[in-house]
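Undergrad: Need the 3D shape of this:
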Amino acid sequence: MKSADEEDAERRQIQAFLAELPPEVIINILSRLRVGRLLYFRSVGKPWRSLIDSSYFRNLHLLHSTHTKSNLNLILRKESDLYSVDFDSLNDAVELTHPLMCYSNRIMVLGSCNGLLCICNVAEDIALWSPWIRKYRILPSLPSDRKRDKGMCLCGARVYGLGYDAVHDDYKLVRISQFIGWDSASFEGEVKVYSLRLNEWRKMDNMPYVLCYTRKMGVLASGCVHWVVTRTPELEMDQPATEMVAGFDLVKETFGEVPMPEMDRKCQIDVGYLEGWLCIVAKYEDVGVDVWSMKQYGVKESWCKLFTVKQVQGARRLKSIRPLVYSKNGRRVLLEQNHEDLVWFDLESQMVKSVKVRGLPGLFEATVCAETLVSVDPSKREDKEKQGKKNKKRDDFLAEGFKLVL
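TA: All right, here's what the predicted structure looks like:
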């Protein structure tokens with residue numbers, strides 16, 4: 001632990017070194033640092049604090065982290081505990097202290113977007129949380145479920161999906177609840193969307209689909225949150241139920257169908273996300289798993305099969321595969337396998353190699369999350385025109401401020 005005098009001496013050394021550098025070089029250097037170090041640099045002086053707190057720098061830091069895969073972490077959930085694993089090393093699972101009471105029950109990760117995690121406990125308290133800047137926001141509560149009518153069960157399915165509306169600079173959480181009749185023929189649904197900018201829930205038009213998985217959270221890709229669904233009985237018109245992918249557009253706030261690839265449909269499908277693309281994970285019993293990627297969103301012809309993980313005879317059965325992230329050289333893909341293991345899949349050799357992480361929990365769910373400076377405070381979310389003017393003034397101030405202070 002450093003003393004106050006040692007910290008002051010280190011700060012003066014940093015100031016002396018950086019005083020010789022142009023402001024744009026300093027900004028470039030800072031954009032490559034991890035959040036913990038940036039929070040320390042906020043104490044160097046007012047110009048530094050103004051820069052690091054600015055929306056301009058937050059976006060620059062986020063862009064660099066996304067494009068270079070630096071500052072990436074895996075968030076592992078097991079029951080009521082959350083762990084973080086640094087992607088660069090994949091060495092240790094470090095337990096996180098989350099902001100919700102768990103009541104001896106599990107915590108659910110509802111989604112991840114731009115460094116923000118959305119988590120929920122058994123009482124359906126929901127928090128939008130940044131583990132990196134240690135800030136969170138508890139979302140307004142929603143009324144508890146009630147029976148829709150005598151012919152409806154309480155709730156057949158409930159899922160969430162988190163995403164970013166780039167047009168309105170707003171983070172949104174989608175909640176879909178579906179109520180199934182006791183006769184399995186009648187059906188009702190309810191869709192609500194939370195806006196961080198407004199800090200409120202709004203009711204949306206219902207979606208004309210039935211969720212295939214009652215507790216699987218939505219997958220964000222290309223500004224839409226996606227789930228595996230079938231059409232409602234009214235739309236199927238006595239046709240066999242066919243699994244498909246539907247997405248909720250976070251800007252338009254409407255549902256739409258995603259065109260499916262030309263593939264053998266005698267499989268169980270799931271949705272995923274990899275390198276900016278929407279993925280379909282197709283599991284063929286006792287054969288293996290195909291991973292497809294849509295290179296141009298909404299274009300059926302842009303689907304391509306990325307790779308196949310084969311079921312090896314005599315090996316443990318492949319129950320599930322989730323693609324998480326490419327390696328930095330792009331030659332391997334990190335997979336979550338059977339909710340038990342992290343493995344590297346080599347795209348050239350088609351071989352699987354286990355990843356040994358100290359402190360890795362037994363059964364877990366993995367989520368990719370970047371360390372960012374993104375705020376959970378809606379009061380800091382300004383409209384684009386005001387934000388642009390403030391950034392211009394701040395940039396002018398910083399250009400002089402660095403020279404004066406340093």
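Undergrad: can you give me the strands in the stretch 201-350 of the chain?
TA: Listed in chain order, the strands found in the stretch 201-350 of the chain under DSSP state E, counting those that start in this stretch are 209-211, 219-221, 224-231, 244-249, 254-258, 268-274, 277-284, 288-294, 303-310, 321-326, 332-337, 341-346.
Undergrad: meant to ask about the stretch 1-150 of the chain
TA: 72-78, 81-86, 93-96, 108-113, 116-120, 126-130, 135-138.
Undergrad: As TSV, the ones you listed with mean neighbour count and mean pLDDT would be great.
TA: Where C-beta positions appear, they are placed from N, C-alpha and C, glycine not excepted. Shown next, in TSV, are the strands of the stretch 1-150 of the chain (neighbours: other Cβ atoms under 10 Å; pLDDT from 0 to 100):
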stretch	mean neighbour count	mean pLDDT
strand 72-78	21	94
strand 81-86	20	94
strand 93-96	16	94
strand 108-113	21	95
strand 116-120	23	97
strand 126-130	22	97
strand 135-138	16	96
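Undergrad: May I see the ones you listed arranged in JSON lines, with distance to residue 209 as well?
TA: Listed next are those as JSON lines, based on distance: least, Cβ to Cβ, whole Å:
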{"stretch": "strand 72-78", "distance to residue 209": "27"}
{"stretch": "strand 81-86", "distance to residue 209": "31"}
{"stretch": "strand 93-96", "distance to residue 209": "34"}
{"stretch": "strand 108-113", "distance to residue 209": "19"}
{"stretch": "strand 116-120", "distance to residue 209": "22"}
{"stretch": "strand 126-130", "distance to residue 209": "23"}
{"stretch": "strand 135-138", "distance to residue 209": "30"}
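Undergrad: Residue 4 is nearest to which of the strands of the stretch 201-350 of the chain?
TA: For the strands of the stretch 201-350 of the chain, the distance to residue 4 is smallest for strand 321-326, at 40.4 Å, taking Cβ to Cβ.
Undergrad: Show me what that closest one is packed up against.
TA: When contacts are defined as 3 or more Cβ pairs under 8 Å, 6 or more residues apart in numbering; DSSP states H and E, strand 321-326 sits against strand 268-274, strand 277-284, strand 288-294, strand 332-337, strand 365-370.
Undergrad: which stretch among those strands comes nearest residue 89?
TA: strand 332-337 (12.9 Å).
Undergrad: can I get the CA coordinates of the closest one in CSV?
TA: What follows is strand 332-337, C-alpha atoms only, in CSV (Å, rounded to 0.1, in the frame of the first residue of the first chain):
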residue,chain,number,x,y,z
ARG,A,332,-9.7,-19.7,-32.4
VAL,A,333,-13.1,-19.2,-30.9
LEU,A,334,-13.7,-19.4,-27.1
LEU,A,335,-16.7,-21.6,-26.4
GLU,A,336,-18.8,-22.3,-23.3
GLN,A,337,-19.4,-26.1,-23.4
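Undergrad: That strand - contacts with which helices or strands?
TA: strand 303-310, strand 321-326, strand 341-346.
Undergrad: Just say which of those is most tucked in.
TA: Burial of those is given as mean neighbour count (mean count of other Cβ atoms under 10 Å); strand 321-326 ranks first at a mean of 20.
Undergrad: quick one on the thing from earlier: using TSV, lay out the helices and strands packed on strand 321-326 together with mean pLDDT.
TA: Shown next, in TSV, are the helices and strands packed on strand 321-326 (pLDDT from 0 to 100):
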stretch	mean pLDDT
strand 268-274	95
strand 277-284	96
strand 288-294	96
strand 332-337	96
strand 365-370	94
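Undergrad: closest to residue 135 out of those?
TA: strand 365-370 (14.7 Å).
Undergrad: picking that back up, could the strands of the stretch 201-350 of the chain go into a markdown table alongside distance to residue 92?
TA: Converted to a markdown table, the strands of the stretch 201-350 of the chain look like this (distance: least, Cβ to Cβ, whole Å):
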| stretch | distance to residue 92 |
| --- | --- |
| strand 209-211 | 36 |
| strand 219-221 | 27 |
| strand 224-231 | 31 |
| strand 244-249 | 36 |
| strand 254-258 | 38 |
| strand 268-274 | 25 |
| strand 277-284 | 28 |
| strand 288-294 | 28 |
| strand 303-310 | 26 |
| strand 321-326 | 17 |
| strand 332-337 | 16 |
| strand 341-346 | 13 |
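Undergrad: Which among these is found nearest to residue 32?
TA: strand 321-326 (18.9 Å).
Undergrad: For the closest one, what does the pLDDT average out to?
TA: Mean pLDDT, computed over strand 321-326, is 95.
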